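**Student:** okay, here's the prediction I keep looking at, along with the sequence it came from:
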Amino acid sequence: MNEKGLFENEVLSLLKSAKQKDTSYDKVLSSMCTKPHPIAVKAHMQFIYSNMGDSGLFPGTKYLEEEVIRMMGDMLGDSSACGYLTTGGTEANIQALRTARNIKNKSNPNMVVPASAHFSFDKIADLLGIELRKASMDREFRVDINSVGNLIDKNTIALVGIAGSTEFGQIDPIDKLAKLAMSNDLFLHIDAAFGGFVIPYLDKKYDFDFSVNGVTSITSDPHKMGLSTIPAGGLLFKDEACLLPLEIDTPYLTIRKQYSLAGTRSGAAVAATYAVMKHLGHDGYRHIVKNCIKMTDMLVKGTRKLGVRPLIDPVMNIVALDVPNLDDVRKKMRTKGWTTSVTRNPGAMRLIIMPHLDEKIIDLFISDLELCL
Ligand code: 0PR
C-alpha cells in the first residue's frame, strides 16, 4: 500500500480503468446474475452500513428482512415460512443441510442429490462431513426417482431436489421426492436458487415449493432472477424449529442469538431485495419472466433454423444447445464478444436468457452463431 493517500480523483480513475476491464452484461449469456433493478440500487446505497449481524442496532432493516421472508414465503407456497437472507445459494444450501445433519444426528450421514446438483453440494459434503450420493438423471435431465430410492439407507438424512437446475434449467419431480422423503422420514431440501423467482411465473404450473407436503426447506436467490443486488440469497424453512440447530449465543451483541452462517451481513442487500419485491410485485416478476421466456423461444426457433437443436425443450430461460464443434464455435463467438457457457454431460452450449438481454441482441446472437458454425 502507498504511504500517502491518493486524491479522490486519482482513486476514481484507478477504479475506472479496472471497471473498463470488466465485461458489461450486454453480450453475456452465461450468467445467472444480472443488472439489479434501479430501485434495488437506490435502496442498497441508502442502507449501505446496516449490518444484519448485529440487527439490534438496525431494527428498521430487520423489519425489512422479515417482510422479504414473508413475501418470499408467499411466492413459495407458505407465507408463514421462516428464514433469512444469506450471502447466496451456497450459504443457503449449506445451512439447510447443516440443520438436517444436526437434527438427524446420525454417525455417518449421507445425502442424496441429483447428478445435476450445483457444486455447492460438493462443498457441503466436505464442510459438513456428509457423504454425497449422486442419483442419475432421466433423459430429460430430471432426477431418476428409482435411482434416488436405491441410494437411500439407514444413514440418509436428506434428499435434495432441484427446481431450475444450473445447467439445464430443469425441474425435478418434487412431488415424488416428497413422497420418498416422507416415507423414509428424511429432510427434503429444494434448491430453487435460480428457479425460485421464475417457476411461480411460468404459464405451466409446477409443484415445487412448500405447497408440496414433505418439502422442508427452499433456497431461492433474490440476486439471481429476483433482480436484487449481490449478496442476496434466501433460505426458507417450513418449520421454525429448523432454525434452532443453527442458533448460536451472541452474548456481547445487541441480539442474544444469531442463526446465519455469515456474522457481519449486508443490510444493504436486504433493503434492495425489499425495494425491488415491493416495487415489482407478482405482476412485475410475471412480466419479466414472460419477457425472458419470449426471448428464449425466439432463440430456440432461430437456432433450429440453423439446424441446431436444444437438448431438451427449455423449461425456463436456460437453454442447452447441441452445437457441433462446440469448443471451436464458442471460441469464435468469443471473438465476436459473446460469453457463453457449457454443460458437463453431455457437453452443449449453455445459455441463460437474463433480463439484461433484449430481442435485438438475441437476433444478433443467432446471426453471429450462423457465421461461426
Ligand atoms: N444452486 C443453484 C441451482 C445454482 O445455480 C447456484 C449458482 C447456486 C446454488 C449457488 O449460488 P451462489 O453462487 O449464489 O452461491 N449458479 C451459478 C453458477 O455457479 C451462479 C452464477 C452466477 C454463475 C453468475 C456465473 C455467473 O456469472 O453457475
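**Tutor:** In hand now; what should we look at?
**Student:** enumerate every residue touching the residue lying closest to residue 94 once chain neighbours are set aside.
**Tutor:** Nearest-residue entry for residue 94: residue 124, 5.4 Å, with adjacent residues in sequence omitted and distances by C-beta to C-beta, 6 or more residues apart in numbering. Yep, even glycine has a C-beta here, placed from its N, CA and C like the rest. By C-beta atoms under 8 Å, 6 or more residues apart in numbering, the contact list for residue 124 reads 93-94, 97, 111, 130, 132.
**Student:** distance check, residue 124 against the ligand.
**Tutor:** Counting by C-beta to the nearest ligand atom, to the nearest Å, the gap from residue 124 to the ligand is 11 Å.
**Student:** what does residue 304 give?
**Tutor:** Taking C-beta to the nearest ligand atom, one finds residue 304 at 26 Å from the ligand.
**Student:** tell me the pLDDT at that residue?
**Tutor:** Model confidence at residue 304, given as pLDDT, is 98.
**Student:** give me the number of residues near residue 16?
**Tutor:** 9 (other C-beta atoms under 10 Å).
**Student:** pLDDT value on it, please?
**Tutor:** Note for residue 16: predicted pLDDT of 98.
**Student:** helices or strands up against the helix or strand containing it?
**Tutor:** Using DSSP states H and E, residue 16 maps to helix 8-21. With contacts taken as 3 or more C-beta pairs under 8 Å, 6 or more residues apart in numbering; DSSP states H and E, helix 8-21 sits against no other helix or strand.
**Student:** just give me how far that helix sits from the chain centre.
**Tutor:** Taking C-alpha atoms, centre = their mean, to the nearest Å, one finds helix 8-21 lying 31 Å from the centre of the chain it belongs to.
**Student:** which is the next helix or strand following it?
**Tutor:** In N-to-C order, the element after helix 8-21 by DSSP H and E is helix 38-46.
**Student:** can you give me the strands in the stretch 201-350 of the chain?
**Tutor:** Ranges of strands within the stretch 201-350 of the chain are 217-219, 233-237, 248-249, 257-258, 318-321, 341-342, 349-352, based on DSSP state E, counting those that start in this stretch.
**Student:** what's the closest of these to the ligand?
**Tutor:** Smallest distance to the ligand across those (C-beta to the nearest ligand atom): 5.2 Å, for strand 233-237.
**Student:** so is the closest one next to the ligand?
**Tutor:** Yes - counting by C-beta under 6 Å from any ligand atom, the ligand has neighbours in strand 233-237: residue 233.
**Student:** begin at 205 from now on, thanks
**Tutor:** I'll keep to 205 as the first residue from here, and by that count the last item is strand 437-441.
**Student:** other SSEs contacting that strand?
**Tutor:** helix 263-279, strand 286-290, helix 293-308, strand 421-423.
**Student:** can you tell me which of those is most buried?
**Tutor:** Stretch with highest mean neighbour count among these: strand 421-423 (a mean of 31; mean count of other C-beta atoms under 10 Å).
**Student:** just put the helices and strands packed on strand 437-441 in JSON lines and tack on distance to the ligand and mean pLDDT.
**Tutor:** Shown next, in JSON lines, are those (distance: least, C-beta to the nearest ligand atom, whole Å; pLDDT from 0 to 100):
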{"stretch": "helix 263-279", "distance to the ligand": "15", "mean pLDDT": "98"}
{"stretch": "strand 286-290", "distance to the ligand": "8", "mean pLDDT": "98"}
{"stretch": "helix 293-308", "distance to the ligand": "3", "mean pLDDT": "98"}
{"stretch": "strand 421-423", "distance to the ligand": "6", "mean pLDDT": "99"}
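**Student:** quick one on the thing from earlier: in which helix or strand does the residue nearest to residue 298 reside?
**Tutor:** Assessed by DSSP H and E, residue 328 sits inside helix 324-332.
**Student:** tell me the helix or strand right after that helix.
**Tutor:** Reading on from helix 324-332 to the C-terminus, the next helix or strand found by DSSP H and E is strand 335-339.
**Student:** run me through the strand neighbours of that following strand, direction for each.
**Tutor:** strand 314-318 (parallel) (DSSP bridges).
**Student:** what angle do the strand it pairs with and helix 293-308 make?
**Tutor:** 140 degrees (axes from the mean of the first three to the mean of the last three C-alpha atoms, to 10 degrees).
**Student:** circling back: can I get the helix holding residue 328 in CSV? Just the C-alpha atoms.
**Tutor:** C-alpha atoms of helix 324-332 as CSV (Å, rounded to 0.1, in the frame of the first residue of the first chain):
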residue,chain,number,x,y,z
SER,A,324,-22.2,-26.1,-3.7
PHE,A,325,-23.2,-29.6,-2.6
ASP,A,326,-19.6,-30.8,-3.1
LYS,A,327,-18.6,-28.0,-0.7
ILE,A,328,-21.3,-29.1,1.7
ALA,A,329,-20.1,-32.7,1.7
ASP,A,330,-16.6,-31.6,2.6
LEU,A,331,-17.5,-28.9,5.1
LEU,A,332,-20.2,-30.8,7.0
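**Student:** burial count for residue 376?
**Tutor:** Each residue near residue 376 was counted by other C-beta under 10 Å, and the total is 31.
**Student:** ok, it - contacts?
**Tutor:** 318, 346-347, 365-367, 369.
**Student:** near the ligand, which of those residues show up?
**Tutor:** residue 366.
**Student:** and the contacts of residue 376 as TSV, adding pLDDT?
**Tutor:** Converted to TSV, the contacts of residue 376 look like this (pLDDT from 0 to 100):
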residue	pLDDT
318	98
346	98
347	98
365	98
366	98
367	98
369	98
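**Student:** would you format the contacts of residue 376 as a markdown table with secondary structure and neighbour count included?
**Tutor:** Listed next are these as a markdown table, based on DSSP: H, G, I helix; E, B strand; the rest coil; neighbours: other C-beta atoms under 10 Å:
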| residue | secondary structure | neighbour count |
| --- | --- | --- |
| 318 | strand | 26 |
| 346 | coil | 22 |
| 347 | strand | 30 |
| 365 | strand | 30 |
| 366 | strand | 32 |
| 367 | strand | 29 |
| 369 | coil | 27 |
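**Student:** good, wrapping up.
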